[in-house]
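Student: pasting a predicted model and its sequence here:
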Amino acid sequence: MKFILTNLFSNKSISKVFLLSLLSIAIGLILTFGLFAIQQEKQKFKRESILIQEDFLKNQKKTLQQETQTLINYIENERLQTRNLLKQDISSRVYEAHSIATNLYKSYKNKLSNKELQQLIINALKSVRFNNGDGFFFINRLNGTVVMDPENPKWVGKNKLQVKDVYGVPIIQHEIETAKSLGEGYTNYSWQEENSQRIHPKISFVKLFKEFDWYIGCTQHVNNYKSDVQKKILNKIIDLRFDESISIAVIGFDGTCLAHTNKELIGNNLWNRTDKDGNKIVQEFISRGTDSKGGFVEYVDPFTNSSKSPLPKLIFAKACKDWQWVVGSGVNLEELNQAIAKRNDELQANVNRYIFNGVILVMLIVICIIIFSRYVVRVSQNGLNIFTKFFEKAASESLKINTDSLHFKEFKELGRLANEMISNREQIEQQLNIETAYFEQLFENSPEAIAITDNESKAIKINTKFTELFGYTSQDVKGVVIDHLLADESIQEEANKLNKLTADGQLVEIETKRKCKTGEMIDVSIVGNPIVVGNETIAIFGIYRDITQRKLYEHHLTEAKNKAVESDLLKSAFLANMSHEIRTPMNHIIGFTDIMTSQYTDENERREYGELIKQSSNKLLQLINDIIDLSKIESRQIKLDWGNSNLNGIMECLFNKYYARKNIGNKSHISLKLHKALNDKDSIIYTDAKRLEQLLSNLIENAIKFTNEGSVEFGYQLIEDKSLIELFVKDTGIGIPKEAQKDIFKSFTQIDGSDTRQHGGTGLGLTITHRLIEVLGGKIRIESKENEGTCIYIQFPYKLEKDEELSNQAKPYNWKGKKILIVDDQRNNFAYFKTSLEHTYAEIYWAKNGAEAISLCESITIDIVLMDIQMPVMNGYEATKRIKLQNAAIPIIGQTAFVEKENKNKAIAAGCDDYLVKPVKTKTLLDLISKQLSIN
């Protein structure tokens, strides 16, 4: 380059060189800026084209998804109505059959034998046909044996309990379970005929016929009902037109066109139809539509009837899998191409305008440069020659200019200043050396990391502290844009903005993050100070301070503050909710009490208001008990009554309790199921039965409360080689959001704490449950999906206090013929005593209170009584006194959880012959009964 310029300007006058230089620079800059402007317009066009395309496709995709979903929703609604009509049909048929069987039974039960009566009912129902001959009745026993099957007579008398559908669902087992647990209900299964690949979904309705342990049912194919509905839906879709630009289509999984905006395609199989690019459109349409969320297909439309060339199209497809349909909505993309072409024309016009303006500007600049350069050269040529000679020597020597040889005042002044410059140069150089030493010492020994960069942020100099902080040496950063090293992609824009502000002369202070050589990001404060010389920024002086520890402290401080605020808000919300929950029943109690005292209230109304007051009082009492329980648990004051407890008894008691409660309330349509893994004898566990029942009650009550449709199941199972017993409560309710599951057991916390929440309560139930599980030595976990349901699992060690001495006893007790009366209001306590006495062959009787015990002793000769002390209706003390008055010879053993001596003395004084303190070991119980039987 230097060689070219030398030859170009060699032997040329200064006017020509000055003129050519200015012209070349001016033209070069104009061309550069012109090309840059044109390129920017092209880039802008490219970006706008992409944005136009993206916005157009985004809007069209959203519209197509909405329209397609509308069709899917319409189809699904009609499909569900079909299934409901089918259910109503088969249930009404079964009710008719059950009514016929009931009437025959009532009419002939005293005239015919059971066998004859059964055959009479079978004959009456066997020949009944309906729904064009496809519908018939069947009868099965509750053990799975077929009693009547008109369609398959070969099955009569055989057991179908193990028959399963194509997916492995036990058909007969489900029908029996439905008939036993609910009395009647629907079951669903899928059936595949022999030598056929087609699967037929079926629905059955069964109803229990208790008189013969039968259930009567009816089964129908779902497909028989849906053909008319499908035809109606397709006719409706064919006539739909959301927008003139949108087309719709319904294609079967086999490629048959069921509905289309272009009605000529309906009924044709389009499986192998391709567009101009050879793409099999319908196959891709079906493939995309059968994805879980549907999908888009772009293609060139081969179905158009227009004389123009085929148009590009975009279609959204989604499957209705139950009917093996794929539904789609499509739109032409020609509008997008037109918008891009219009923008391209605008770009070309801009480019032409830039070129024209550039040519005019070049011509004006050339004229101005020629005039200006001739004037400057003519005036300054003589002075320049003198200064040229001066600077040829002054560059290396301290020579002065002879100002007398200069003709212009300006040149004379320049000569004088040049001479002064030469005179002061040595002094300046000496002073500069001193100041440089000062700066170097301050720079290197500064406790802060410092970097000096040019206006383009390229590193010029760094100090030792900078190397210690970031790990980069002077060689690493020399000539490199420093923020390319210190700033990652996420903060690069921020770094560029700071550098620009500093380069523009502004002082910048900021706290941010920067990256070390090791890749670690650290918190730093940055002070950027421009270095200005003659009102011009020549460099940037950057100071970096490590503030990692301070930021960490501030973070911890903020977290502590947020937790304190959150705790305060939770407690405030809890107190507000507690006030609401207490005031509501109190309002009922006070209000209805006031009304009952009115003279205008009749007896029936008073009874009704009394019942409402009782309900509100119970609710208030439960709330107070929850608060007391939580307080005891949190303060570690809760006392546990450990003992052997019958888990099956607890589960059955809970089932009966909540089965009745849900039917009384508005939840009778919810199915309640109990699962037991062990028999009564093996289900004895060592725990506090009362607290176990309490925590399970909380979980079941929550499950029923938050379940509007479906079922609630609870029970237990053995896991991990039977070392653990896992209890569970499962529902199909509203579920718990994932983000709320970690806080669900915290005190004062509710999933929905708003004023508009649908479900009331204090939020204490799950907190108490969680604490009780911990004190009982168990663990809890939760699995939940929002709007699908929740399952809560509780695990305890499966352990039972066993009396090894009893198990090794050579001669067990044999009390055959003896009658033992167990008086206890708790079912699980009775179950434990009954299990402990099973091997003695004694006859076991149960009374739930003292009054029932007295009645049994009057009607039956009882040999010994196990009397609980604390019971409702009549306690054990009073019952013992009355039984002894009737028959003083009957031995009575008192049993209670109270360990105080005065309780034992009081029981003996009431007439008890001996006394047991719960928990009662089996051997102790048997030995004491044996002792009393031998005495009497």
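Tutor: That came through fine. Bear in mind the structure is a predicted one, so any value in this text is a computation, not a measurement.
Student: got a list of what the residue nearest the centre of the chain touches?
Tutor: What sits nearest the mean C-alpha location of the chain, by CA atoms, centre = their mean, is K738, with 4.1 Å. For K738, the contacting residues are S784, E786, by CB atoms under 8 Å, 6 or more residues apart in numbering. Every residue, glycine included, has its C-beta placed from N, CA and C.
Student: pLDDT score for it?
Tutor: Note for K738: predicted pLDDT of 82.
Student: any idea how far K906 is from it?
Tutor: According to CB to CB, to the nearest Å, K738 stands 56 Å off from K906.
Student: likewise I72?
Tutor: According to CB to CB, I72 stands 74 Å off from K906.
Student: which element, helix or strand, includes the residue nearest to L120 when sequence neighbours are not counted?
Tutor: The shortest distance from L120 to any non-neighbouring residue, by CB to CB, 6 or more residues apart in numbering, is to L104 (5.8 Å). Assigned by DSSP states H and E, L104 belongs to helix 14-108.
Student: next SSE downstream of that helix?
Tutor: Per DSSP H and E, the first helix or strand lying C-terminal to helix 14-108 is helix 114-126.
Student: that older thread, contacting residues around the residue nearest to L120?
Tutor: With contacts defined as CB under 8 Å, 6+ apart, the neighbours of L104 are L117, L120, I121, A124.
Student: equivalent analysis for V481, please.
Tutor: E456, S457, K458, A459.
Student: from S423, how far out is it?
Tutor: 42 Å.
Student: how about the longest strand seen in the chain: buried residues?
Tutor: The longest strand of the chain (DSSP state E) is strand 521-533. Using 16 or more other CB atoms under 10 Å as the test for burial, strand 521-533 gives M521, I522, D523, V524, S525, I526, V527, G528, P530, I531.
Student: got those residues as TSV, with distance to I854 and pLDDT columns?
Tutor: As requested, those are arranged in TSV below (distance: CB to CB, whole Å; pLDDT from 0 to 100):
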residue	distance to I854	pLDDT
M521	82	89
I522	84	89
D523	82	89
V524	88	89
S525	88	89
I526	92	90
V527	95	89
G528	97	87
P530	104	87
I531	107	85
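Student: can you add distance to R550 and give these back as CSV?
Tutor: CSV is the format used below for those (distance: CB to CB, whole Å):
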residue, distance to R550
M521, 16
I522, 12
D523, 8
V524, 11
S525, 9
I526, 14
V527, 16
G528, 20
P530, 27
I531, 28
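Student: list of residues touching stretch 535-542?
Tutor: 450-455, 457, 460, 482, 499, 502-505, 526-532.
Student: 10 Å instead?
Tutor: If you take CB atoms under 10 Å, 6 or more residues apart in numbering as the criterion, stretch 535-542 is touched by 443, 448-462, 466, 482-483, 486, 498-499, 502-506, 508, 526-533.
Student: ok, the closest residue to I286 other than its chain neighbours - contacts?
Tutor: Closest residue in space to I286, ignoring its immediate chain neighbours: V326 at 5.1 Å, by CB to CB, 6+ apart. Residues near V326 by CB under 10 Å, 6+ apart: 68, 249-253, 255, 258, 282, 285-290, 294, 317-320.
Student: which pLDDT value goes with V326?
Tutor: pLDDT recorded at V326 is 84.
Student: element containing it?
Tutor: Going by DSSP H and E, V326 is in strand 325-332.
Student: and that strand with helix 14-108, angle?
Tutor: Using axes from the mean of the first three to the mean of the last three CA atoms, to 10 degrees, one finds that strand 325-332 and helix 14-108 are set 150 degrees apart in direction.
Student: show me where the stretch 701-850 of the chain has strands.
Tutor: Ranges of strands in the stretch 701-850 of the chain, per DSSP state E, counting those that start in this stretch, are 711-719, 724-731, 779-785, 789-797, 819-823, 843-847.
Student: what mean pLDDT does the fourth one have?
Tutor: For strand 789-797, mean pLDDT is 90.
Student: gap between it and the chain center?
Tutor: Taking the mean of its C-alpha atoms, strand 789-797 sits 19 Å from the chain's own mean (CA atoms, centre = their mean, to the nearest Å).
Student: so that strand versus strand 711-719, what angle?
Tutor: Using the same axes, to 10 degrees, strand 789-797 lies at 30 degrees relative to strand 711-719.
Student: what of the fifth one?
Tutor: In this structure, strand 819-823 runs at an angle of 120 degrees to strand 711-719, with the same axes, to 10 degrees as the basis.
Student: and the angle for strand 819-823 with strand 843-847?
Tutor: Going by the same axes, to 10 degrees, strand 819-823 makes 30 degrees with strand 843-847.
Student: now strand 819-823: average pLDDT?
Tutor: The model assigns strand 819-823 a mean pLDDT of 93.
Student: still on that earlier bit, partner strands of the strand holding V326, with direction?
Tutor: Within its sheet, and counting by DSSP bridges, strand 325-332 is paired with strand 246-252 (antiparallel), strand 312-320 (antiparallel).
Student: that older thread, tell me which of the contacts of L104 is nearest to L696?
Tutor: Taking CB to CB as the measure, L696 sits nearest to I121 out of the contacts of L104, at 43.2 Å.
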